[in-house]
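J.: Sequence unavailable; structure follows:
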């Protein structure tokens, strides 16, 4: 017996490139849709698809896609992360859903780097119904400048209209995503837990992952930071934080500050296993995380 795919392959435009992914959809009824994308350099087959399958089976549609420049999606330079560009990807994914009238309420879901970006995009995109931010990157240290209404207004303007191409001096890399030899081959992500996870999941056949990355953070007057947008998140938000997270940009002080600044209904859960514990699909931490997320989504959508 041939097993039917749970999803349809889809594509939509974002920042002059074609983003590609999967639309898990019940064609018989209109259901809330969860827009999902992965964190730093990972692709949609590296555990996030397991989250998508569980959320779909729990009664929600899912739009899952690779970021611009990564995996199945188009865009140049390949393997380049730009936070503004990736945040705009959420905007264009939502616009795609709304243009095709294939969804009711829309929630944003992000993991790690995209977890922080979901907390940015969700404050700017109109009528987002909920956000799940899993082990979100909220920064290594406090950003410079005020975190006030003026900063948010400027962020919205940059998000919608700003030139975020950046300059060559704003680029880190290209360099390995992970490496065990930080002396001779330093990498973007340094903890050994990152090396173990990426080599295990990215090394699987068909993952589309490449152990190479560049990161560009354009010099903008306001950073692409959830610390700026948190007070403007009026929808229900679930922040899921990794206990003893080993990633420097998941500073718990800043994660907690973002949570405290969220204006709408909010819930925070701490999951064991550091940054990667809930990204091992056969682990108890994965089961706890996805169960809590589904319960949250059922309560608020």
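T.: Here it is on my side, so go on. Predicted, not measured: the structure shown is a model, and the values here were computed from it. Residues are numbered from 1 along each chain as shown.
J.: Listing request: residues of the stretch 51-200 of the chain with sub-threshold pLDDT.
T.: 101-103 (pLDDT under 70).
J.: can you pull out the helices in this structure?
T.: Under the criterion DSSP state H, helices of the chain are mapped to 48-57, 83-100, 113-124, 149-161, 192-202, 226-229, 252-261, 284-300.
J.: Out of these, which gets nearest to residue 68?
T.: For these, proximity to residue 68 was assessed by Cβ to Cβ; helix 83-100 is nearest, at 5.6 Å. For the C-beta atoms, the positions are set from N, CA and C on the backbone; glycine is no exception.
J.: for that closest one, packing partners?
T.: strand 7-14, strand 17-24, strand 33-37, strand 61-65, strand 106-111, helix 113-124, helix 149-161 (3 or more Cβ pairs under 8 Å, 6 or more residues apart in numbering; DSSP states H and E).
J.: Same list (these) but as TSV, adding mean neighbour count and distance to residue 195.
T.: Formatted as TSV, the helices and strands packed on helix 83-100 follow (neighbours: other Cβ atoms under 10 Å; distance: least, Cβ to Cβ, whole Å):
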stretch	mean neighbour count	distance to residue 195
strand 7-14	16	30
strand 17-24	21	26
strand 33-37	29	23
strand 61-65	26	25
strand 106-111	28	18
helix 113-124	28	17
helix 149-161	15	33
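J.: out of those, nearest to residue 183?
T.: So among these, helix 113-124 is nearest, using Cβ to Cβ, at 25.5 Å.
J.: what's the angle between the closest one and helix 83-100?
T.: Helix 113-124 and helix 83-100 are oriented at 60 degrees to each other (axes from the mean of the first three to the mean of the last three Cα atoms, to 10 degrees).
J.: Helix 113-124 versus strand 106-111: what angle between them?
T.: Going by the same axes, to 10 degrees, helix 113-124 makes 150 degrees with strand 106-111.
J.: quick revisit: just tell me which of the helices of the chain ends up closest to residue 271.
T.: helix 284-300 (5.5 Å).
J.: what's in contact with the closest one?
T.: By Cβ atoms under 8 Å, 6 or more residues apart in numbering, the surrounding residues in contact with helix 284-300 are 32, 34, 47, 50-51, 54-55, 58-60, 107, 109, 129-130, 132, 134, 235-236, 238, 240, 265, 267, 269, 271-273, 277-280.
J.: Which of these fall in strands?
T.: 34, 107, 109, 130, 132, 134, 238, 240, 267, 269, 271 (DSSP state E).
J.: bridging residues for the fifth one?
T.: Yep, that's residue 132 we're talking about. residue 109, residue 238 (DSSP bridges).
J.: any idea how far it lies from residue 19?
T.: Counting by Cβ to Cβ, to the nearest Å, the gap from residue 132 to residue 19 is 20 Å.
J.: try residue 59
T.: Residue 59 is 25 Å from residue 19, by Cβ to Cβ.
J.: residues near the spatially closest residue to residue 195 that is not a sequence neighbour, how many?
T.: Excluding its sequence neighbours, the residue lying closest to residue 195 (Cβ to Cβ, 6 or more residues apart in numbering) is residue 178, at 4.2 Å. Residues near residue 178, counting by other Cβ atoms under 10 Å, number 23.
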